[in-house]
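Trainee: sequence below, structure please.
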Amino acid sequence: MFLPDSSKFRFLKEKDIGELLKDLHVEALTEPKLLMNFVLPVFGEMPELQKVNFLDRVKTRWEVLKADEPFKLKMKAVECVMRGGGGEVYVKTSDCFDPTHNMLATIYNYDLSKFPHVRHHDEKWLNILRELGLVNNVDKKSFLLCANTVAEQGSYDKAVVLLKFLSENFAEFFDPEFARSLSNVVFVPAIIYRCGAEWEKKLVTFKEVVTPKDVNLAFTVMPMVKEEVCPPQVMCSSLGIVSPPPLESVLGQLRNLTKDGGYLGKWDFPAAQPTAVFSSLFKFMEDNWAKLSPRIKDALPDVPLVPVGTQLVKPKVLFFRLNMNLQPLLYELPRWCGAYATFFENIGVRESPDIDDYRACLEEMQREVGGGILTPNELQAVLKVRCSEECRRERSDERRTGVAKRRPYITTGQ
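Mentor: Next comes the predicted model:
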C-alpha cells in the first residue's frame, strides 16, 4: 500500500524519535548503560583527569544512576575508588574500610591504604561508597583480620578497643568454630601481677588468662583480664579459657601466697582482701580434694595458710573451739572459715586441743625461741597452756585415784 507524501510526512511528525528507533529495533542508551558499556570497562586505562571527571559525574548523578542495578553491580566490580596512603592507586570499594567506623579507624590508623582517599570522605561520597560495598560492618572474617593485625603490632591499647567491641557485639560472633580460630591469636590485653612492683601489661592468648570471676584462684600465676574486655561466659570454653583454673595453677597461687610465712602485712592486691582470696582457695580445695596427691594432703597441715589478723597460721595449731585465748601458740579457727569445715577437717583441724596438743605447742615454742626471751603475749599464752595442761593432768589423776588435789591459783589475764 502506497501513501502520498503528505500522509507520510504527517505520520513521521506524529511519532517521536524514540518510538521510531524502537520500531527500527535500535536500543536507546540510557546514561547508566552508556557509562557501564563504554566508560567503566576502560576506567583503568583512562588518564587521571578523565577518571576524576567520571567520578564527579557519578557523584552528581547518583540519584539517577543508582536506580540502574546492573550499573551498580558493574561499579562494585571495577577498581574505581582511589585508596588513601599516597599514590594514585584504585581499588574496589569492597577493599576499603569505612573511615567513620570507630573500631576499624582505631585498629588501622597507621595504614591509610585500608580506607578510601580523603577526596571520598565527605558524607555524600561515603553514602555512595556504602551502597557500593564499602566495609562498615565488622564480620567474623574482618574481626580475625583485626586480631592478627593487633598481634603483629603488639598494641595493648588497640587490643582493649578490639576486645571491648567483641564483648559488646558477642551475639554476632557467637560461633564455636570462630572462637577456636581466635584462641591462639596473641591479642588479648592482660595484666601480670607483680608483688611489690608495677604490674605488667602484656598481650597473650585466651588460653593463658584467668577471668575476673576466678582471679582469686590464680592472680599470682596467670595473666588477668579486666571485666570490660572479658568475653561472655558462653564463649569462654570455645576460646580456650579454662574456668576454674587448672589445679596446678591454684596450687601455685597457694604456694606464692604462703611462702616465707605469707605477706598479709604488705598485701597489695586491690581487687580482693586476703579473706576473700583464701575463701576462694579453701572452697576450691574442698571441691577438688580427691584430686590432690597424698604428698600435698600430708603437707597442708604444716603450711601457714589461714589468715588470722595480719599473719597466716598453720592448720595444725588451729581448732574449731578454744576456751581461752592462747595466741600465739594455738588459735581458734576464724568464724568465716566455718563454711569450709570439711576442708579443715580433712587437713586435721579438730574441735578442741588435748594435752598432747598443749605439749606439742610448748615444745615447738621452745625450739623457736631457744634461749631467747618470750614476748608478753607468748609468756601469757605459755602460762595458760601450762595451767591448762596441769589441770587436765590432775583431773585425770583424780579420776584414776579418786583423790582431789589442791590447785595453785594462777592469774591468766582472763
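Trainee: dump stretch 242-252 to CSV, keeping only the CA atoms.
Mentor: The C-alpha coordinates for stretch 242-252 follow below in CSV (Å, rounded to 0.1, in the frame of the first residue of the first chain):
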residue,chain,number,x,y,z
VAL,A,242,39.8,-22.8,81.5
SER,A,243,37.3,-22.0,84.3
PRO,A,244,38.1,-22.6,87.1
PRO,A,245,41.8,-22.6,86.5
PRO,A,246,43.8,-25.8,86.4
LEU,A,247,44.7,-27.5,89.8
GLU,A,248,48.4,-26.8,89.2
SER,A,249,47.7,-23.1,88.8
VAL,A,250,45.7,-22.9,92.0
LEU,A,251,48.4,-24.8,93.9
GLY,A,252,50.9,-22.4,92.5
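Trainee: mind listing what's buried along it?
Mentor: Buried residues in stretch 242-252, counted by 16 or more other CB atoms under 10 Å: Val242, Pro244, Pro245, Ser249, Val250, Leu251, Gly252. Where you see a C-beta, it was placed from the backbone N, CA and C, and this is true even at glycine.
Trainee: span of stretch 107-118 from start to end?
Mentor: End-to-end distance of stretch 107-118 (CA to CA, to the nearest Å): 18 Å.
Trainee: mean confidence score for that stretch?
Mentor: The average pLDDT within stretch 107-118 is 94.
Trainee: again, but for stretch 358-373
Mentor: 72.
Trainee: which parts of it are buried?
Mentor: So for stretch 358-373, counting by 16+ other CB under 10 Å, buried means Tyr358, Ala360, Cys361, Leu362, Met365.
Trainee: the fourth one: what secondary structure?
Mentor: Using DSSP: H, G, I helix; E, B strand; the rest coil as the criterion, the local structure at Leu362 reads helix.
Trainee: quick one: distance of stretch 303-323 to the chain centre.
Mentor: 35 Å (CA atoms, centre = their mean, to the nearest Å).
Trainee: next: stretch 62-81.
Mentor: With CA atoms, centre = their mean, you get 43 Å for stretch 62-81.
Trainee: make 189 the first number, not 1, from now on.
Mentor: New numbering, starting at 189: the last item is stretch 250-269.
Trainee: list the buried ones in it?
Mentor: Buried-residue list, stretch 250-269, by 16+ other CB under 10 Å: Trp250, Leu253, Lys254, Asp256, Phe259, Lys260, Lys262, Met263, Val266, Cys268, Val269.
Trainee: who's in contact with that stretch?
Mentor: 218-221, 223-224, 228, 231-232, 239, 242-243, 246, 278-282, 284, 304-305, 308, 312, 316-317, 319-321 (CB atoms under 8 Å, 6 or more residues apart in numbering).
Trainee: if we go to 6 Å?
Mentor: Pro220, Met224, Leu228, Phe231, Tyr278, Val279, Lys280, Thr281, Pro304, Ile316, Leu320, Gly321 (CB atoms under 6 Å, 6 or more residues apart in numbering).
Trainee: about what we covered before: Val417: which of the buried residues of stretch 546-561 is nearest?
Mentor: Cys549 (49.2 Å; CB to CB).
Trainee: my read is that that closest one contacts Leu517, right?
Mentor: Yes - with contacts counted by CB atoms under 6 Å, Cys549 reaches Leu517, the gap being 4.5 Å.
Trainee: quick one on the thing from earlier: so of the buried residues of stretch 250-269, which ones are in strands?
Mentor: Residues from those lying in strands, with DSSP state E as the criterion: Val269.
Trainee: pLDDT and distance to Ala406 added to the buried residues of stretch 250-269, as a markdown table?
Mentor: Shown next, in a markdown table, are these (pLDDT from 0 to 100; distance: CB to CB, whole Å):
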| residue | pLDDT | distance to Ala406 |
| --- | --- | --- |
| Trp250 | 95 | 57 |
| Leu253 | 93 | 60 |
| Lys254 | 94 | 57 |
| Asp256 | 93 | 61 |
| Phe259 | 94 | 60 |
| Lys260 | 95 | 55 |
| Lys262 | 95 | 58 |
| Met263 | 95 | 55 |
| Val266 | 95 | 55 |
| Cys268 | 94 | 54 |
| Val269 | 95 | 50 |
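Trainee: and the two most separated of the buried residues of stretch 250-269?
Mentor: Asp256 and Val269 (18.8 Å).
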